[in-house]
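Visitor: predicted coordinates and the sequence they were generated for:
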Amino acid sequence: MGISDLSITIEKSFSHLREREIESILSLGNGYIGTRNSLEEFYPDCNPASFIGNMYVQGPDDEFNFLVKIPDWTRIKIYVDDELLNLRTQEVIENSRSVNFAEGIAVREWKNKDKHGRITNIKILKYISLANKNGMGKLLVIKPENYTGNIRVTTGIDCGVAEFGYLLNMNSESRNFALVHMKTKYSDRELKIFQKSTFEAKDVHIYYIENSYNGSYENFEWRAELGKCYAIESLCSLNGHPMDSFDKNFDQHKAKWAERWQESRILIKGNVYDQRLVNFATYHLVNSGEFSGNSCSIPARNLSGESYMGHVFWDTEMYLLPFFILTKPEIARALLMYRYNTLNGARQNAINEGYKGASYAWESTDTGLEAAPSVAILPNGEVIPILSGKHEIHISPDIAYTVWKYWEATGDEDFLVNYGAEMIFETARYCESYITKEDDGLYHINKVIGPDEYHELVDDNAYTNYLVRNNFDVAIKTKEKLNIKDEETERWKEITDKIYSGLNPKTGLYEQFKGYYNLEYIDLNEYEPRTVPMDVILGREKTSKTQVVKQADVLMFMFLFGGRFSKEDVAINYDFYEKRCGHGSSLSPSIHCIIAARTGKIQDAYRYFLKNAQIDIGNEFGNAAGGVHIASAGGAWMSVVMGFAGLYYAEDGFWFDPHLPEEWESIEFSIVWKGERKDIYIDRESIIAT
Ligand code: BGC
């Protein structure tokens, strides 16, 4: 695998073990449609999948809904004199795949020698339009290198990989184009995928459509002459016949990518490899966001894989929104509107659990109703309860936090007044009904799960309490802005003053939750090098009795509220918790990078930067096959901008406290502040914002 400045290439690829991981890291998307980058002719090792951001389905016996796998629009099969070209059974002279980040194009170059010695050169380009929400395209170029012969290309939409348990094939009767028409089995949604191709060479050829239960294909057959190039351009689209020309669509797509790179790009001078890692992250961030929001959000693995079933977590607000708020606020607004549009589901969750206000789903889909499973079955058959859906309540104040951060950076009053305020008030009401006042006169939050999921049903998780307190804080500020004076506000003021924090003012250390210090200390160094998470090594039960934490928890709120803590206090907590963190989540290393950078521990920060930025490219967690870890892409962007460049912001402005890694000479990027784009340049001597 090679990663160059603006692309990633998989050379000579066909690795049974890595195929599915490659499909994820080379995936394509525009926030509404996402497609894994599978080999077009399909082999058993492949796991092709496409998703539509808001196409969730649920059967009568399912506990929750999930994103359904739709038919695969990328299928292409090539036959030379009726022999199917095949990577596994024929000689592969060359087969490389890459994604050109700058233009959002997947490129495959394949030189194949069949059993009769015929060499065929093939080039395939695929894209999902960044300019047109419903558009996709593929371009196939074929050149017979040492023969003249009959070539047949079957290109179209494969239903075989779709989830037929949840989709009904309505069997289309198209004539001059390919069309798959499906309906969801247990709801009332329709899906149509069209494809219309043109044979560029316009040589004499036969064209026909094949429609069956398994898909809809356009077929081209012609006599191909030695050394001549033949191109087939296919425009695909969702729910409407593609009307434009291939070139026009493709040009619009490329122009949009150029624009989005301009707005999103980070330039690092001094280290080419790090630049490439950041480009990889930026590519996935841009493709995750463009048409996301409003009716759907960005799932934990983007639209690039089946892990987490397309569910949306706090990952979006805490790891992706910072990038969108500061580089493309309109996308941030659309993503927050998704939370507004699912507020009724959140209200229902609160009612279901006997609380007031709105309780956002820990795992959210199109309805906002809780979609976290209640049990999981381990590989050994053991059934374990999953408590996050009921107890990982920090998701609600996390959303309130992000609504406020969006407002601080954009000054978007319309959003705050008409949508944000309601979310902030409703989540505050939920928190108020969850919290209890105890005999010590303080407010406590019991039986929760913090970001560190190794410890369940803990009392007074410092992260949760801090975020809940902030929820009240911003609710009070919003009420002041709207001139609302009422009893509720008075109650919230009292809670913010008296909520238990876990801080020991003498040491500056926060206890992650009540009783944490009494747990067994484990020296994590003794388990290095390790490739599996600590809860797998120690077992779930045992891990919960130790101080090993899954991911940044205390350090997470110190990052989110960075401007409030002294560097010394942050360093005290970093020194304590870093030793105890097992990094069992891909969300963990980036926060450690930022905290270490902000406190001047640059070598640590750099180590964590690499650990995070290589999560998918290096398959660090061993599970990239399930889709890209989009939060770690956001984490990479945050590591540079909020860690090394040291960006902090509040309502009245932004400021920098940079700590560049040794090898980096300078960093450049742009941010949008209250509607104006600012170009930032930072090196060891200067910070320039223009
Ligand atoms: C992490 C959560 C995260 C989820 C989805 C879990 O392993 O602990 O914080 O939201 O994965 O990425």
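Guide: Here it is on my side, so go on.
Visitor: who does the helix or strand bottoming out on mean pLDDT in the chain pair up with?
Guide: Within the chain, no helix or strand scores below strand 2-4, which has a mean of 78 by mean pLDDT, DSSP states H and E. Here strand 2-4 is paired, per DSSP bridges, with strand 7-10 (antiparallel).
Visitor: need the mean per-residue confidence for the strand it pairs with.
Guide: Strand 7-10 carries an average pLDDT of 82.
Visitor: beyond it, next helix or strand please.
Guide: For strand 7-10, the following helix or strand on the C-terminal side (DSSP states H and E) is helix 19-25.
Visitor: tell me the bridge partners for residue 689.
Guide: According to DSSP bridges, the residues that bridge with residue 689 are residue 680.
Visitor: how far away is it from the ligand?
Guide: Separation of residue 689 from the ligand (Cβ to the nearest ligand atom, to the nearest Å): 33 Å. Placement of C-beta: from N, CA and C, glycine included.
Visitor: which residues does that residue contact?
Guide: Applying Cβ atoms under 8 Å, 6 or more residues apart in numbering, we find residue 689 in contact with 678-681.
Visitor: which of those residues ranks first by neighbour count?
Guide: Among the contacts of residue 689, residue 680 has the most neighbours (other Cβ atoms under 10 Å), with 19 neighbours.
Visitor: quick one: that one and residue 669 touch, right?
Guide: Yes. In this structure, residue 680 is within contact of residue 669 by Cβ atoms under 8 Å, at 5.6 Å.
Visitor: now do the shared contacts for these two.
Guide: Jointly contacting residue 680 and residue 669 under the rule Cβ under 8 Å, 6+ apart are residue 645.
Visitor: pretty sure residue 393 sits in a helix.
Guide: No. Under DSSP: H, G, I helix; E, B strand; the rest coil, residue 393 sits outside any helix and is assigned coil.
Visitor: for it, which non-adjacent residue is spatially closest?
Guide: In this structure, residue 393 finds its nearest non-sequential neighbour in residue 448, 5.6 Å apart by Cβ to Cβ, 6 or more residues apart in numbering.
Visitor: cool, and residue 114?
Guide: residue 90 (4.9 Å).
Visitor: just the contacts of residue 689 now: which is nearest residue 102?
Guide: Using Cβ to Cβ, residue 679 is the member of these that lies nearest residue 102, at 19.4 Å.
Visitor: what's the pLDDT at the closest one?
Guide: Looking at residue 679, the pLDDT reads 98.
Visitor: may I ask you to confirm that it is in contact with residue 668?
Guide: Yes. At 7.2 Å, residue 679 counts as touching residue 668 under the criterion of Cβ under 8 Å.
Visitor: just to revisit the earlier point, near the residue nearest to residue 393, how many other residues are there?
Guide: Other residues lying near residue 448 total 24 when counted by other Cβ under 10 Å.
Visitor: ok, it to residue 181 distance?
Guide: Shown here: residue 448 relative to residue 181, a distance of 47 Å by Cβ to Cβ, to the nearest Å.
Visitor: also residue 94?
Guide: Distance, residue 94 to residue 181, using Cβ to Cβ: 38 Å.
Visitor: who's more crowded, the two?
Guide: residue 181 (19 against 12).
Visitor: which residues sit in contact with that one?
Guide: Residues near residue 181 by Cβ under 8 Å, 6+ apart: 169-172, 190-192.
Visitor: looking at those residues, which is nearest the ligand?
Guide: Taking Cβ to the nearest ligand atom as the measure, the ligand sits nearest to residue 191 out of the contacts of residue 181, at 26.8 Å.
Visitor: what kind of secondary structure is that closest one in?
Guide: When classified by three-state DSSP, residue 191 comes out as strand.
Visitor: count of neighbours near it?
Guide: Residue 191 sits with 19 neighbouring residues when counted by other Cβ under 10 Å.
Visitor: interface residues of the stretch 151-300 of the chain facing the ligand?
Guide: Residues of the stretch 151-300 of the chain lying close to the ligand by Cβ under 6 Å from any ligand atom are residue 300.
Visitor: using the three-state scheme, assign residue 34.
Guide: strand.
Visitor: which residues are in contact with the residue lying closest to it once chain neighbours are set aside?
Guide: Leaving aside its sequence neighbours, residue 34 sits nearest to residue 303 (Cβ to Cβ, 6+ apart; 2.1 Å). By Cβ under 8 Å, 6+ apart, the contact list for residue 303 reads 27, 29, 31, 33-35, 50-53, 67, 288, 310.
Visitor: helix, strand, or coil at residue 303?
Guide: Going by three-state DSSP, the secondary structure assigned to residue 303 is coil.
Visitor: list the contacts of residue 229.
Guide: Listed by Cβ under 8 Å, 6+ apart, the contact set of residue 229 reads 141-143, 201.
Visitor: ok and the residue in the stretch 401-550 of the chain nearest the ligand?
Guide: Closest point on the stretch 401-550 of the chain to the ligand, by Cβ to the nearest ligand atom, is residue 453, at 4.8 Å.
Visitor: confirm that that residue sits in a helix.
Guide: No. Counting by three-state DSSP, residue 453 falls outside a helix, being coil.
Visitor: still on that earlier bit, return the members of the contacts of residue 181 classed as buried.
Guide: Among those, those classed as buried by 16 or more other Cβ atoms under 10 Å are 169, 172, 191-192.
Visitor: what's across from the closest residue to residue 562 other than its chain neighbours in the sheet?
Guide: Excluding the flanking residues, the one nearest residue 562 by Cβ to Cβ, 6+ apart is residue 648, at 5.3 Å. Beta-bridge pairing for residue 648 (DSSP bridges): residue 655.
Visitor: mind telling me what element residue 287 is part of?
Guide: Residue 287 belongs to helix 272-289 when assigned by DSSP H and E.
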